[in-house]
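A.B. asks: I'd like to go over a predicted model; first the sequence, then the structure.
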Amino acid sequence: MTLRSLGWTPEFAQAFAAYRAKGWVPARLIRETPINFGAFLADGEEIDVILCGRLWHAAVCDADLPAVGDWVAVELGNENQAHVIRALLPRRSCFSRKMPGNSSQAQVIGANIDLVAVVTDAGADFNLRRMERYFTLIGLSGAKAVVLINKADLYPPEQSLQAAAQISALWDAAAVHVTSALNGEGLRALKKHLKKGLTMCIVGSSGVGKSTLVNQLYGEDWQWTDEVNAVTGKGRHTTTSRELVPLPGGSMLIDNPGMREIQMWTDETTLRESFADVEALTAQCRFADCSHRQDAGCALRAAVEDSRIESARYASFLNLENEIAALRKRAAKRQMATERWAKRNNRVQARNLNDRIQLEKDARGDV
């Protein structure tokens, strides 16, 4: 294993140059736990590293902290001292979603990735609205998209092909393949996208066959899997932690836990770009402040009625608008809380400084 096979580029080398003089070494993060990270060094050695306090306190939000796929500068320790992350190199790309729950922050799914492979199936997991959100986030990340309509062995060929056609219609830039990870069918098409030094992030709901797919790509049982439940169609094993795995041929893969909640953390501009065809019609509404619901003269509702826009896409557009509005509201509340905390912290620091000055005066006997 070499730096190049880990995804090292001249841009990373340039960014790291200043740290090399300090005696630090480059490493790529492959795993994250509640207490530390796993990382690969240039020679392929795997080490455990911890984050220095300076980087932790300098992070404005969790998305600013190191994540799986990041390149970092590490100060190597010894048997008595831990290896420490001293710096985070600038990211070349970043695939993120909104953190689950009420947070308005971004959660980094994979850093410095070239390709995002979304795994779904033509059955219960098939959801065009969720796929739209995946495409929005992938487009924002700067990575390329591949979609695998998996479990072709469980559904009629016509059903899988129809699902592939519908997904292809959402985004021309995405490569869509029908696969069966269990039987190895269609994996040749995916492997054509992989090359030495490339990093692929694989995402999708639990039970769609991601772990079986990883096993097929790796060539052995990297992650054990169990039989599929006859009622739910789900495999009993699912990935429980995010991990970067080296593949035969020199590429890298980031496997992720199942994700049904794909929420936007981006702004209104990204939303408009994702629904450009819908947005173009809003200019034709009778009223400039049209809510696109019950207002008279709404061009969007007219387009739905005459089948120019699918009703599901229209509903998705309205739901995303509401979601963005809620995110902005939560972000504003978080900003207010941050400002209040900063003011309180400044008051505490000023009071502590005054107390220290007074103690020094008392010690010197100053009047």
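C.D. replies: Yes, it's here.
A.B. asks: Give me the buried positions along stretch 292-308.
C.D. replies: 292, 298-301, 303-304 (16 or more other CB atoms under 10 Å). For the C-beta atoms, the positions are set from N, CA and C on the backbone; glycine is no exception.
A.B. asks: for the stretch 251-367 of the chain, which spans come out with low pLDDT?
C.D. replies: For the stretch 251-367 of the chain, the stretches with pLDDT under 70 are 256-274, 321, 323-324, 326-328, 330-342, 344-346, 348, 366-367.
A.B. asks: can you give me the helices for it?
C.D. replies: Ranges of helices in the stretch 251-367 of the chain, per DSSP state H, counting those that start in this stretch, are 268-274, 276-282, 299-305, 311-364.
A.B. asks: What residues are bridge-paired with Gly110?
C.D. replies: Phe95 (DSSP bridges).
A.B. asks: returning to that earlier point: export the buried residues of stretch 292-308 to CSV and append columns for distance to Leu89.
C.D. replies: Formatted as CSV, these follow (distance: CB to CB, whole Å):
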residue, distance to Leu89
His292, 44
Cys298, 49
Ala299, 47
Leu300, 44
Arg301, 49
Ala303, 47
Val304, 47
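A.B. asks: Out of the residues you listed, which comes closest to Thr120?
C.D. replies: Val304 (25.5 Å; CB to CB).
A.B. asks: okay but the closest one is in contact with Ala315, surely?
C.D. replies: No - with contact defined as CB atoms under 8 Å, Val304 does not count as touching Ala315 (9.1 Å).
A.B. asks: Report the residue ranges of every domain in this structure.
C.D. replies: What automatic domain parsing lists as the domains of the chain is 10-88, 94-255, 267-367.
A.B. asks: low pLDDT regions in the stretch 1-150 of the chain?
C.D. replies: Using pLDDT under 70, the flagged stretches of the stretch 1-150 of the chain are 97-106.
A.B. asks: tell me the contacts of Val84?
C.D. replies: 49-52, 74-75, 77 (CB atoms under 8 Å, 6 or more residues apart in numbering).
A.B. asks: So which residues of the stretch 151-300 of the chain form strands?
C.D. replies: Using DSSP state E, counting those that start in this stretch, the strands of the stretch 151-300 of the chain run over residues 175-178, 199-204, 243-246, 252-255.
A.B. asks: Could you export the ones you listed as TSV, including mean neighbour count and distance to Ala82?
C.D. replies: Shown next, in TSV, are the strands of the stretch 151-300 of the chain (neighbours: other CB atoms under 10 Å; distance: least, CB to CB, whole Å):
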stretch	mean neighbour count	distance to Ala82
strand 175-178	20	42
strand 199-204	25	26
strand 243-246	20	21
strand 252-255	25	24
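A.B. asks: can you put those in TSV and add distance to Ala280?
C.D. replies: Formatted as TSV, the strands of the stretch 151-300 of the chain follow (distance: least, CB to CB, whole Å):
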stretch	distance to Ala280
strand 175-178	25
strand 199-204	30
strand 243-246	40
strand 252-255	36
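A.B. asks: Relative to Val25, tell me which of the ones you listed wins on proximity.
C.D. replies: Here strand 243-246 is closest among the strands of the stretch 151-300 of the chain (CB to CB), at 17.7 Å.
A.B. asks: which strands and helices sit next to the closest one?
C.D. replies: strand 25-32, strand 252-255 (3 or more CB pairs under 8 Å, 6 or more residues apart in numbering; DSSP states H and E).
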